[in-house]
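**Student:** 3D model of this:
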Amino acid sequence: MFKNIYIIILLAATIVNCSSKNTPKLLINNNNNICIGEAKIDCLLMIQEKCSDYYDLLKEEHYNYLFEKDKYIATFRCK
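**Tutor:** Residues are numbered from 1 along each chain as shown. Okay, the predicted model is just below:
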């Protein structure tokens with residue numbers, strides 16, 4: 001009985017993790033904004049939505065992980 005419960009919990013956790021949306025996150029710090037996402041295009045779309053076409057891209061970083069999702073971090077400032 002307990003074995004079935006563990007299997008159901010494991011399957012539910014797997015489905016929730018696989019079905020989550022990969023939306024980028026936005027952090028605001030003074031005049032700088034930081035976008036954290038999995039793909040560069042997602043962050044660029046968010047930056048253009050927030051600042052129109054008037055922004056300064058201060059820093060770009062891309063991290064590749066073996067067992068986790070990759071991360072793209074962009075620091076920008078709206079003009």
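
**Student:** rest of the way, CA atoms for contacts and neighbours
**Tutor:** Will do.

**Student:** Surely Ile34 is in contact with Glu61?
**Tutor:** No: contact criterion CA atoms under 8 Å: Ile34 and Glu61 do not qualify, at 10.9 Å.

**Student:** and for the two, which residues touch both?
**Tutor:** By CA atoms under 8 Å, 6 or more residues apart in numbering, Ile34 and Glu61 have these common neighbours: 73-74.

**Student:** any low-confidence regions in this structure?
**Tutor:** Where the chain drops to pLDDT under 70, the residues are 1-2, 10-11, 13-22.

**Student:** after the helix or strand containing Ile8, next one along is what?
**Tutor:** In this assignment (DSSP states H and E), Ile8 forms part of helix 2-18. Counting by DSSP H and E, the element after helix 2-18 in chain order, helix or strand, is strand 25-29.

**Student:** list the helices and strands whichever helix or strand comes after that next one packs on?
**Tutor:** Downstream of strand 25-29, the next assigned helix or strand under DSSP H and E is strand 32-37. When contacts are defined as 3 or more CA pairs under 8 Å, 6 or more residues apart in numbering; DSSP states H and E, strand 32-37 packs onto strand 25-29, helix 40-51, strand 71-78.

**Student:** Right, I'll leave it there.
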